Structures are given as C-alpha cells and as structure tokens.
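# Please find the sequence and the predicted model below.
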Amino acid sequence: QQKVQQSPESLSVPEGGMASFNCTSSDRNFQYFWWYRQHSGEGPKALMSIFSDGDKKEGRFTAHLNKASLHVSLHIRDSQPSDSALYFCAAQANYGNEKITFGAGTKLTIKP
Amino acid sequence: DTTVKQNPRYKLARVGKPVNLICSQTMNHDTMYWYQKKPNQAPKLLLFYYDKILNREADTFEKFQSSRPNNSFCSLYIGSAGLEYSAMYLCASSRLGGYYAEQFFGPGTRLTVL
C-alpha cells in the first residue's frame, strides 16, 4: 500500500475558482509534508512545505496540516489557467531523512 | 541558477541493451537523486548520492547502478534494459543532505524500451 495517498485523482475547476487537494500519510513517522507541482514537459517544482500543525499561506496557495490525523491539504484560490498541472504531495520522516515519499498526484485542469 | 539538466530528453533502447542517463547541476548541492515515474504512479526513488556515498533502495538494488564522478554530475546506468524499464526518469538535487530541504528536479528523460 502506498504510504502517501492523494485525492482526487483529477480535478476540473473554472478559472477564478478554488481548487482543493487532499493527502494522507499511512506512516506515523511521516509528519513533514511538501507540495510539488509539475507542468507538462517539466520536472516537479516545490510549491511549499508545511511542518507544523495549522495553516500556511503563500500568496494564492494555502496548505493545512493536521498531524494527529496525518492529513494535509492544499487550496488554490483564484485559480488561473497556468495552475493547470500535476500536483504531488510528498512526505518526509520526522526523524530526519534525506528521502521524501511521493503520492501519485492530482491532475488539475483550469477551465477558461 | 536553479537548473538541473538531464540528457538525453528521450531515449530509445532495445531489450537487453545497456542504457546510461546523465544529470548535472550547478548549485553545488551535496545530494542527488534518481526517480522512476510511470503514468498514474508516484515518482519512485531508485537511489541517491549524499556527497560520494551511494544509497540504493532495497527493491531496486540490483537493477540500477550509478556514479557521481564529481559534485555536479550523476549518472544512472541500466545494464540490460527490459520492457519494464520504460518510464520517465527524473533527476533531482538538494542541499543539506536533503534534510527538510527542497529538491530541485530536472525535466526528465523519457526512456522507451522496445
């Protein structure tokens, strides 16, 4: 079983709308989370990290982490066509580790 | 410059033949990673170098080799390609041994084995 589960698999949002993604870890050691975004033809690029409980906001992007449930979410407000991409959740162990474990991703399509 | 470069971008290989993929970075990062990405699957870590120390994942230990002749370059070597090796191969680098540090990815090499 995948240690990092993402939902939904795909999402379509109208331009200007809110896009929301979910991610859950099945390993209690994984308490540090990243969100990466991959546009077609490019490699993944880190959007933001979240290591503490609560919300973290960076521009139009807000991440929320609940360590008790090992659940992290990402919300994009005022979605733009350029936000169309594959979004990966990635988790890192709390004991300090060079490795991160990715989820399978959510494909976001912004409809003009 | 936060660029990670990969060569080639596309590679066609025959079953049973070797494959060598190249990655380079100019950020002086101490850690370099190789991932395998198949459609609708999570990127799977194959191996990584911390400085000159190679760490290979247990389930891919015998399938992939790698070398890091200097800080900037890292290769991924497949001795005998099989159909199951067809995938996108992503190289990434990070600093501080990757501990809670962002990984910077290259654009990937798409390998097709026929």
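Right, received. Where do you want to start? Just so we're clear, the structure is a prediction, and the values are computed from it rather than from any experiment.

# Helix, strand, or coil at B:D59?
Assigned with DSSP: H, G, I helix; E, B strand; the rest coil, B:D59 falls in the helix class.

# what is the residue of chain B found nearest chain A paired to in the beta sheet?
In chain B, no residue comes nearer to chain A than B:F105, which is 3.1 Å away by CB to the nearest CB. C-beta: built from backbone N, CA, C; applies to glycine. The partner list for B:F105 in beta bridges (DSSP bridges) reads B:A92.

# mind checking how far it is from B:E62?
In this view, B:F105 and B:E62 are 25 Å apart by CB to CB, to the nearest Å.

# cool, A:H71 as well?
Counting by CB to CB, the gap from A:H71 to B:E62 is 36 Å.

# Compare the two and say which is more crowded by neighbours.
A:H71 (15 against 9; other CB atoms under 10 Å in any protein chain shown).

# Now tell me what touches stretch A:16-31 from outside.
With contact meaning CB atoms under 8 Å, 6 or more residues apart in numbering or on different chains, stretch A:16-31 is reached by A:1-8, A:11, A:13, A:33, A:35, A:51, A:67, A:69-79, A:83, A:87, A:89, A:91-95, A:101, A:103, A:106, A:108, A:110.

# Any of those buried? List them.
The neighbour-count criterion (16 or more other CB atoms under 10 Å in any protein chain shown) marks A:4-6, A:11, A:13, A:33, A:35, A:67, A:70, A:72-76, A:79, A:83, A:87, A:89, A:91-93, A:101, A:103, A:106, A:108, A:110 among these as buried.

# Many thanks, I have nothing further to ask.
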